[in-house]
Structures are given as C-alpha cells and as structure tokens.
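1. With the input below, show me the fold.
(one chain, ligands or ions: 1)
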Amino acid sequence: MSATIIDGKAFAATIRGKVADHVARLKAEQGITPGLAVVLVGEDPASQVYVRSKRKQTVEAGMNSYEHKLDADTSEADLLALIETLNADPAVHGILVQLPLPGHLDSDLVINAIDPVKDVDGFHISNVGLLGTGQKSMVPCTPLGCLMMLRDHLGALSGLDAVVLGRSNIVGKPMAQLLLGESCTVTIAHSRTRNLGDVVRRADIVVAAVGRPEMVPGDWIKPGATVIDVGINRIERDGGTVLVGDCHFESCAAVAGAITPVPGGVGPMTIACLLANTVTACCRAHALPEPEGLTA
Ligand code: GUN
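-> Numbers count the residues shown, from 1 in each chain. Alright, predicted model coming up:
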C-alpha cells in the first residue's frame, strides 16, 4: 500500500475543536449560545442513532440542543407548525429535520418550510440555488466535509481534474458545485456513464458517492490521485457484517496518493460539519464575522 490514509476521525475532532473554540468566544464576548433543533419523526432505528450522536456532539461543543421527537403518524400540518415555531425562535440558529420522513409526509415541502438561514443541512431550494450560482449559502454537510479534507490534503485544487461518482442532491450535485467553485474541471459520472473506468482514470480527485459496495477497483485510479470514499455499505463477509466503501480499499490504496478509509474517513466529518454550519448560521443571524476554516 502506498497511499496516505486520510484520517477523517482525527480531522473531524479538529473541526469540532474549532467549533467549540468559536462557541466559547461567542458566549464570552457576545453572550450568545448557538442552538441546534433536530426534528425526528417516527422511530427509524438508524435515524435514532444519528440523532443521538448529533445531540451528544452538539452539547459537547458547548451548544444548545433542542430535540423534537414526533410520532410516526404526525400530520404534515403539525410538522409544518413546529417548523414555523422553530423558524421564529431566536434561540434556534439551526434546524435539521432527520430524513427519511415517513411516506405520508412530503420531504421537499417540509425542507422548504425551514428558514433558509437556519437550514444547516443546506437542502432548502434557496441554498441549492445560491450554491449553484456561487453565492454564500449553507452547504450540505457531507460534501462540505469532503471539501475540507481535500483542501487540507492538497491545498489549492485549481485546475485539477475531479470526477464525482453519483448524482444525488445530498452529495453528488453539491460536491460537483463545490469543486467547480474551487476551479476544478468537474465530471459527474453515474450509473449510465459509458466507459466509467476510463472516465475515472482521468481524475486527480475521485469522490465516490454511489452506495455500491467496492464498485471502484484500483485499476480505475490514476496513480497518485486523491480518493474520497463517501460510501458506507454494510455487507456480509467471512461470516460477519462489515462496513465497506464504494471503492475497493486495498487495490485503490495501492495506486492512489491518498485515500479515505471506511469507516473513519468521510463519516465522522458529516456531524462535525453540521456543528460548523450551526455556528456559521448563528454568526450570520447576529451579523457577526463567520468562523474561519469552517465554511466553504
Ligand atoms: N439522514 C441521513 N443523512 C442525513 C442528513 O445529512 N441530514 C438529514 N436531515 N437527514 C439525514
């Protein structure tokens, strides 16, 4: 193996440390405590784990956490009424509605009811449009974390060839916009892309976010490329369950210059960036300077 392993766990701890420092300064100098409201509808076990983790890390960073757990059969009107209340609450700087929502609720309608300034997921249509036009926005947490890791590892990204595998609204599309903002030459590849191996082989930066276990083999990777593996796939192997990424780690690491592992790569960065976005939202709400190194 020749690649540098990008330690997302350690990097996320650094980001959380910067968030905590900024929160402490806001409290001491402005008397403001950033607050994050998380709304969970229903009892999806994976969502419950995420929400618990978000709450714990929010509190550890010194911020206020407001948790709203609603029954699975909550009506859209009741959920929208809660969002209106949170939009109007000055103690709440960030609002996150945990997805997926139960089938009877329209996710787009609910997300677009959040005040865009408090939309720490960056999913509101206004934030999507602002990012797409290169304006200041809230940036979705996972691609923001990927960008932070790329900048940390490579420095300037200008002129590099980047291939984003996957075209989701949550990762692929915003990731491509961010890389374009860094003056990369960006290709979005997906399940219908022809000669995918040849496309990926051009890339100085590969961001894999397709949700297919180990689909990127080492011989698709340009020697020395930086590989960011967003995939978290649970598979059966050797009689047990293991987590693997969208890239075949061993063979990609043998060729790449640097690669993120799964687990311990992109995963920990997502919640760290949620905390970063909450501090940013708080600063914007109070017209204060934004924290350095925590935004796109
Ligand atoms: N469910 C899984 N990931 C996410 C996320 O990043 N944001 C929200 N709101 N829900 C999720």
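2. Looking from the ligand, tell me which residue of this structure is nearest.
-> At 3.6 Å from the ligand, residue 99 is the closest residue in the chain, using C-beta to the nearest ligand atom. Where C-beta positions appear, they are placed from N, C-alpha and C, glycine not excepted.
3. okay, now residue 272: neighbour count?
-> Applying other C-beta atoms under 10 Å, we find 27 residues neighbouring residue 272.
4. Tell me the helices and strands packed up against the helix or strand hosting it.
-> Element membership for residue 272 (DSSP states H and E) is helix 267-285. Packing partners of helix 267-285 (3 or more C-beta pairs under 8 Å, 6 or more residues apart in numbering; DSSP states H and E): helix 8-25, strand 35-41, helix 45-60, strand 94-97, helix 141-154.
5. how about the longest one: buried residues?
-> Using 16 or more other C-beta atoms under 10 Å as the test for burial, helix 8-25 gives 8, 11, 12, 15, 16, 18, 19, 20, 22, 23.
6. ok, the fourth one - contacts?
-> Pointing back at residue 15 there. With contacts defined as C-beta atoms under 8 Å, 6 or more residues apart in numbering, residue 15 is in contact with 148, 269, 272, 273, 275, 276, 294.
7. The first one contacts residue 266, correct?
-> No. Counting by C-beta atoms under 8 Å, residue 266 is not a contact partner of residue 148; they are 10.3 Å apart.
8. More neighbours: which of those two?
-> Neighbour tally, residue 148 and residue 266, criterion other C-beta under 10 Å: the higher count belongs to residue 266, 29 against 23.
9. The closest residue to that one other than its chain neighbours and residue 16: what is the separation?
-> With sequence-adjacent residues excluded and distances taken as C-beta to C-beta, 6 or more residues apart in numbering, residue 266 is closest to residue 230, at 5.0 Å. The gap separating residue 230 from residue 16 is 20 Å, by C-beta to C-beta, to the nearest Å.
10. what does residue 10 give?
-> 11 Å.
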